[in-house]
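> Any chance you can model this:
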Amino acid sequence: MAVPPDLADPPDLRVHFEQIFNAHFAEIHRYIARRLSDDTADDLAAEVFLAAYRGGYDASRGGVRPWLFGIATHLISRHRRTEIRRWKALSRTAERLEPSHEDAALARVAAGEVVGPLAGALAALNRGDRDVVLLSVLGGLSHAEVAAALNIPAGTVASRLNRARKQLRKALGDVNPLEETHG
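As a prediction, the model looks like this:
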């Protein structure tokens, strides 16, 4: 079987890219799975690295990790409607459930009671704010890394994150889901 021309690069390039793949695939996959689903993450994570391999890394743009998260976020945006429908469906499902007293107590301890409202609030955020929140929370990226991933200034990251936190807090009724009592 013949090797496609774009994969017939010098061995040192393939070795370097293999190192990048091995170092970052799991976290890119995990980020995508948290945003979309495990099944989608399998395919989309592979697409991230294919796009990265074909596009080549430009060291002037910053670190490899934010670059890969930027590619992942761009590819996720193609799946935006599915993502938003998923958050909205989760929100509607949680609203219909009437848990027993025991279930409600367990949900408070596990912060599960905010999943539906949180999903709805995430779906209601504008795309830029939602990307910043999810890269920070699910991707574990710093402000500087989020800025590099989205190719925006660090100050924009901070303002978007601040605005999104206020909107999410308001949507949750100013409740901190990490506290045991909400009284």
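> following the longest helix along the chain, which helix or strand shows up next?
Using DSSP state H to define each element, the chain has its longest helix at helix 11-35. The helix or strand immediately downstream of helix 11-35 is helix 38-55, counting by DSSP states H and E.
> Confidence-wise, which helix or strand of the protein is lowest on average?
Ranked by mean pLDDT, DSSP states H and E, the helix or strand of the chain with the weakest confidence is helix 101-110, at a mean of 49.
> Past that helix, which element shows up next along the chain?
In N-to-C order, the element after helix 101-110 by DSSP H and E is helix 115-124.
> Please name every helix or strand in contact with that next one.
Contacting helix 115-124 under the criterion 3 or more Cβ pairs under 8 Å, 6 or more residues apart in numbering; DSSP states H and E are the following elements: helix 80-96, helix 127-137, helix 154-171. Quick note: C-beta positions are derived from backbone N, CA and C, even for glycine.
> Which of those sits closest to Ala144?
helix 154-171 (5.7 Å; Cβ to Cβ).
> what helices or strands is the closest one leaning on?
Under the contact definition 3+ Cβ pairs under 8 Å, 6+ apart, helix 154-171 sits against helix 115-124, helix 127-137, helix 143-150.
> can you list those in TSV and add distance to Ser77?
As requested, these are arranged in TSV below (distance: least, Cβ to Cβ, whole Å):
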stretch	distance to Ser77
helix 115-124	15
helix 127-137	7
helix 143-150	11
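> Ser159 is nearest to which of these?
helix 127-137 (9.2 Å).
> other SSEs contacting the closest one?
Counting contacts by 3+ Cβ pairs under 8 Å, 6+ apart, helix 127-137 is packed against helix 11-35, helix 64-78, helix 115-124, helix 143-150, helix 154-171.
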